[in-house]
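Student: Task: produce atomic coordinates for the following.
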Amino acid sequence: NIVDRIYIGHIPEIGTAALTGVGITFPIITLISAFSSLIAMGGAPRASIAMGAHHKDRAERIMGNCLTALLAISVVLTAVFLLFQEPVLWAFGASENTIGYAMDYMGIYVCGTVFVQVSLGMNMFITSQGFAKTSMLTVIIGAVLNIALDPLFIFAFGMGVRGAAIATVISQAASAVYCFFHVKKISILKIHREDFRLTLDLTKTLLKLGSPAAIQNAIISVGGMVVQSVINRYGMLFIAGFTATNKLYGILEIAATSYGFAVTSYVGQNLGARFVRRIKRGMTSATLIALITSVVIAGAMLAFGKLFLKLFISGTPEEVEASLQIAYHYLSIMSVCLPILYMLHIYRSGLMGLGDTVVPMFSGFAEMVVRVGVALLLPLVMGQEGIYYAEVGAWTAAAVLLVAAYYIRMSALSRRKGFALDEKE
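Tutor: Residues are numbered from 1 along each chain as shown. Just a heads-up that it's a prediction; the model follows:
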């Protein structure tokens, strides 16, 4: 998606409007991804716990059921968004100038929903088995292919926004195929034919555990929709600047997301083995690594952020300069607060590894309340400057809740009978 935005922003004559239109689809894309969380966030931590407890058959059954559920959900999502994409896009802040570009992109993107669900969902199971490099390759394959195909479809074939969507779907398909065959051939867990058959008890368990994660992502998407409606009041250049920074958000967050997957797997397996002290040591190490990474990325963004932002902005020199100033100001605020975002990911993932998906859901609700509250109220006092603090305010509220909940949970776990304090005890 980041690659798409770079090329779309430089389509001659329509770049700014096209980028803004495609930017409107971002909350919907996040919502689609939330459904992979509904299944995978319920299944992957449980599979890790089962593996830690040496219940390999149960872990395989969980993974097979999750894949079947992901395929079924993909069919439903594709049908729903193809039928109702226009009213949904209007609701998410589209205007007369942007609705055409948003529909061009979304109409094709949703046709690849099955690839999104399989690659995102199964990638979590690959990580849960310790194949972090393979999980990374799944993403790299799609990204590299997208980089190669975008200029071909957008410019060489003259397909514009539609070309960007086609390139994305093809790239996602490649990632999904690689992910699927890796799960079947190389992984520790092997899916057998009987594992694909949905069982009522297991499905209920997965939905019960995964629903909070999906609701959390959906809540965050709704908050993003409200913020987008506020941003839309300040004109096309302000929207373009905000959209450019939001595209870089994926780069700012990518390491945190990767660390989060690793933490969920690590904590889950050690919980299954009942190694409490090892969980604590791992979380301390993950926290330190995340903080160092966030500081390095923040420094890079503050130093070179304008160079990156220019990749997403086009127009006359005056338009580019105006949008760039808005984008860099927003990026600077996000960069300074980046360690908070990284703590959010580490402790949210730690709680999920412990089998707790309810507190992460409430953290998503806290994010939405603060994000929407700041976006609606602070501009009344500070003008458009207030909107810049909606995102970092949401991070802070969620991070405080998650860190507190983790330490309360670990304190209770340490006092439980039958949980060894270390591998040797």
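Student: how many neighbours does C111 have?
Tutor: 15 (other Cβ atoms under 10 Å). Using the backbone N, CA and C atoms, a C-beta is placed for each residue, glycine as well.
Student: err, Q325, not the other one
Tutor: Using other Cβ under 10 Å, Q325 is surrounded by 14 other residues.
Student: Going forward, count from 58.
Tutor: Sounds good: first residue 58 from here, last item Q382.
Student: The closest residue to it other than its chain neighbours sits in which helix or strand?
Tutor: Excluding its sequence neighbours, the residue lying closest to Q382 (Cβ to Cβ, 6 or more residues apart in numbering) is G298, at 7.3 Å. Following DSSP states H and E, one finds G298 within helix 293-330.
Student: That helix: which residues count as buried?
Tutor: For helix 293-330, a neighbour-count test (16 or more other Cβ atoms under 10 Å) marks 293-306, 309-310, 312-313, 315-330 as buried.
Student: How about stretch 129-136?
Tutor: For stretch 129-136, by 16+ other Cβ under 10 Å, it's I130, S131, L134, T135.
Student: which ones among those residues are found in helices?
Tutor: Among those, the ones falling in helices (DSSP state H) are I130, S131, L134, T135.
Student: Just put those residues in JSON lines and tack on distance to I465.
Tutor: Rendered in JSON lines, the data for those read as follows (distance: Cβ to Cβ, whole Å):
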{"residue": "I130", "distance to I465": "33"}
{"residue": "S131", "distance to I465": "37"}
{"residue": "L134", "distance to I465": "36"}
{"residue": "T135", "distance to I465": "41"}
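Student: Need those in JSON lines (columns: pLDDT and distance to R334).
Tutor: Supplementary listing: these in JSON lines, determined by pLDDT from 0 to 100; distance: Cβ to Cβ, whole Å:
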{"residue": "I130", "pLDDT": "91", "distance to R334": "39"}
{"residue": "S131", "pLDDT": "94", "distance to R334": "41"}
{"residue": "L134", "pLDDT": "93", "distance to R334": "42"}
{"residue": "T135", "pLDDT": "95", "distance to R334": "46"}
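Student: of these, closest to G443?
Tutor: Of all these, L134 has the smallest distance to G443: 34.8 Å, by Cβ to Cβ.
Student: Can you name the residues that contact the closest one?
Tutor: Neighbouring residues of L134 by Cβ atoms under 8 Å, 6 or more residues apart in numbering: I89, F92, V167, T170, Q174.
Student: Tell me which of those residues fall in helices.
Tutor: I89, F92, T170, Q174.
Student: What number of neighbouring residues does the third one come out with?
Tutor: Applying other Cβ under 10 Å, we find 25 residues neighbouring T170.
Student: pretty sure it contacts I86?
Tutor: No - using Cβ atoms under 8 Å, T170 is not in contact with I86, being 10.0 Å away.
Student: Find residues that contact each of those two.
Tutor: Here T170 and I86 have no joint contacts, going by Cβ under 8 Å, 6+ apart.
Student: which stretches of the protein have low pLDDT?
Tutor: The chain contains residues with pLDDT under 70 at 58, 241-246, 266, 270, 273-274, 278, 474-482.
Student: ok, which stretches of it are strands?
Tutor: In the chain, no strands are defined using DSSP state E.
Student: Select only the buried ones of the ones in helices among the contacts of L134 in PyMOL?
Tutor: A single PyMOL command selects the buried members of the ones in helices among the contacts of L134 (16+ other Cβ under 10 Å):
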select buried, resi 89+92+170+174
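Student: which one among the ones in helices among the contacts of L134 gets closest to M282?
Tutor: M282 has its nearest neighbour among the ones in helices among the contacts of L134 in I89, at 14.0 Å by Cβ to Cβ.
Student: so what's the closest one up against?
Tutor: Residues near I89 by Cβ under 8 Å, 6+ apart: L134, F138, V167, T170, V173.
Student: Can you verify my assumption that the residue nearest to Q382 contacts F369?
Tutor: No - using Cβ under 8 Å, G298 is not in contact with F369; the gap is 9.3 Å.
Student: joint contacts of these two?
Tutor: By Cβ under 8 Å, 6+ apart, G298 and F369 have these common neighbours: A384.
Student: follow-up on the earlier one: now render the ones in helices among the contacts of L134 as CSV, adding distance to V79.
Tutor: Formatted as CSV, those follow (distance: Cβ to Cβ, whole Å):
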residue, distance to V79
I89, 15
F92, 21
T170, 17
Q174, 21
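Student: What is the nearest of the ones in helices among the contacts of L134 to T155?
Tutor: For the ones in helices among the contacts of L134, the residue nearest T155 by Cβ to Cβ is I89; the value is 19.5 Å.
Student: Setting the sequence-adjacent residues aside, check what's closest to L202.
Tutor: Computed as Cβ to Cβ, 6+ apart, the closest residue to L202 that is not its neighbour in sequence is S228, at 4.3 Å.
Student: Likewise for T453?
Tutor: Leaving aside its sequence neighbours, T453 sits nearest to I397 (Cβ to Cβ, 6+ apart; 5.6 Å).
Student: tell me the contacts of the one you found?
Tutor: Applying Cβ under 8 Å, 6+ apart to I397 gives the contacts V449, W452, T453, A456.
Student: picking that back up, just the ones in helices among the buried residues of stretch 129-136 now: which is nearest V284?
Tutor: L134 (23.5 Å).
Student: So which of the contacts of I397 are in helices?
Tutor: Within these, residues falling in helices by DSSP H are V449, W452, T453, A456.
Student: which one of those residues is nearest M163?
Tutor: Set against M163, the nearest of those by Cβ to Cβ is W452 (27.5 Å).
Student: pretty sure that closest one is touching C394, no?
Tutor: Yes - in this structure W452 lies within contact range of C394 using Cβ under 8 Å: 6.4 Å.
Student: Might you report the residue contacts of the residue lying closest to R103 once chain neighbours are set aside?
Tutor: The spatially closest residue to R103, leaving aside those adjacent along the chain, is I119, at 5.6 Å (Cβ to Cβ, 6+ apart). Shown here is I119, whose contacts under the criterion Cβ under 8 Å, 6+ apart are G100, R103, A104, A107, L259, L263.
Student: switch the cut-off to 10 Å
Tutor: For I119, the contacting residues are 99-108, 112, 182, 185, 246, 252, 259, 262-263, by Cβ atoms under 10 Å, 6 or more residues apart in numbering.
Student: among those, which ones are buried?
Tutor: Buried by 16+ other Cβ under 10 Å: 99-108, 182, 185, 246, 252, 259, 262-263, out of the contacts of I119.
Student: Y291 versus the residue nearest to Q382, what's the distance?
Tutor: 9 Å (Cβ to Cβ, to the nearest Å).
Student: Can you work out which residues contact both of these two?
Tutor: The contact sets of G298 and Y291 overlap at I383 (Cβ under 10 Å, 6+ apart).
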